[in-house]
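Q: Sequence unavailable; structure follows:
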């Protein structure tokens, strides 16, 4: 009886495998949803939309961007983690969502180590520390001096805990020993608007986003959060040049799918993302504007996730998950 059941199961499996392979080979046959965990206008959203345009051409099906902000990306991540693992619901995931959120939120609707298949990184984007054009602070040193004189006197805006600008401001406070007041918003664009309207004093703006506002005279840039000056903003010094402190951070974005997504589908998506990253569209609209290209392989993404988790566990003095 047991042998008969085993033979039956084996026969069913042998029939199912070719069907699954054929299904994966045909992928995609319908539009793909690309969930962005922050509001429109920020660097994560900009990167997602450029890649979505390229992927639409590469895959032959519409890749539709949906913004679902809140809780540092946790709301979007939780929703995608519970979605069908069929390759038709994808998530733009950031380093903050995989490494910072687990350390700052008591509970999360997702587990970054169990709920996702990491497909490919998209870009790494440093930020620019800046104030509004009419701010009384003329330098980053002025901001730090004011913050040193009185805790919470300086207010900084971000796209929420876990966002790239939150991470950078956290690093800045740790490097200088000051305590500032955090004012979270739903998106990077709202955070930037808060600084320009002087509802907050300072923020970190992605290098991609900052260019237009600097050129228009709407923000006053002080320093970039990278190890070297950014190519499209060559006159802006690094934080180390200004303060003598290492403050390197920004937005690392990638694409993830729910855990259990078929390997063939993941491979198809990985290859498509790599092809789009090499194309003129991304080179001109993303990499030439302040973002840095990254290794698109799955293994590189997995290693980077582990590295980010270890880095932030050490910075926030809590054990890695």
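A: Yes, it's here. The shown structure was predicted, so the numbers you read here are calculated from the model rather than taken from an experiment. Numbers count the residues shown, from 1 in each chain.
Q: Output the below-cut-off pLDDT ranges for the stretch 51-200 of the chain.
A: Judged against pLDDT under 70, the stretch 51-200 of the chain has no low-scoring part.
Q: ends of stretch 251-267, how far apart?
A: Distance across stretch 251-267, first residue to last, is 24 Å (Cα to Cα, to the nearest Å).
Q: Buried residues, it. List them.
A: Neighbour counts over stretch 251-267 (16 or more other Cβ atoms under 10 Å) mark 251-258, 261-262, 264-266 as buried. Placement of C-beta: from N, CA and C, glycine included.
Q: The residues you listed in strands, which ones?
A: Among the buried residues of stretch 251-267, the members found in strands (DSSP state E) are 251-258.
Q: Tabulate those residues in TSV, adding columns for pLDDT and distance to residue 315.
A: Formatted as TSV, those follow (pLDDT from 0 to 100; distance: Cβ to Cβ, whole Å):
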residue	pLDDT	distance to residue 315
251	86	17
252	92	15
253	95	20
254	98	21
255	98	25
256	98	23
257	98	28
258	98	29
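Q: so where do the strands sit in the stretch 1-150 of the chain?
A: Ranges of strands within the stretch 1-150 of the chain are 32-36, 63-67, 89-94, 116-132, based on DSSP state E, counting those that start in this stretch.
Q: Any chance of the ones you listed in a markdown table with mean neighbour count and distance to residue 101 as columns?
A: Supplementary listing: the strands of the stretch 1-150 of the chain in a markdown table, determined by neighbours: other Cβ atoms under 10 Å; distance: least, Cβ to Cβ, whole Å:
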| stretch | mean neighbour count | distance to residue 101 |
| --- | --- | --- |
| strand 32-36 | 21 | 16 |
| strand 63-67 | 17 | 18 |
| strand 89-94 | 27 | 9 |
| strand 116-132 | 26 | 13 |
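Q: Helices of the protein, start to end?
A: Counting by DSSP state H, residue ranges of the helices within the chain are 2-26, 43-59, 74-81, 95, 101-104, 140-149, 164-176, 188-196, 207-215, 239-243, 263-278, 280-285, 298-315.
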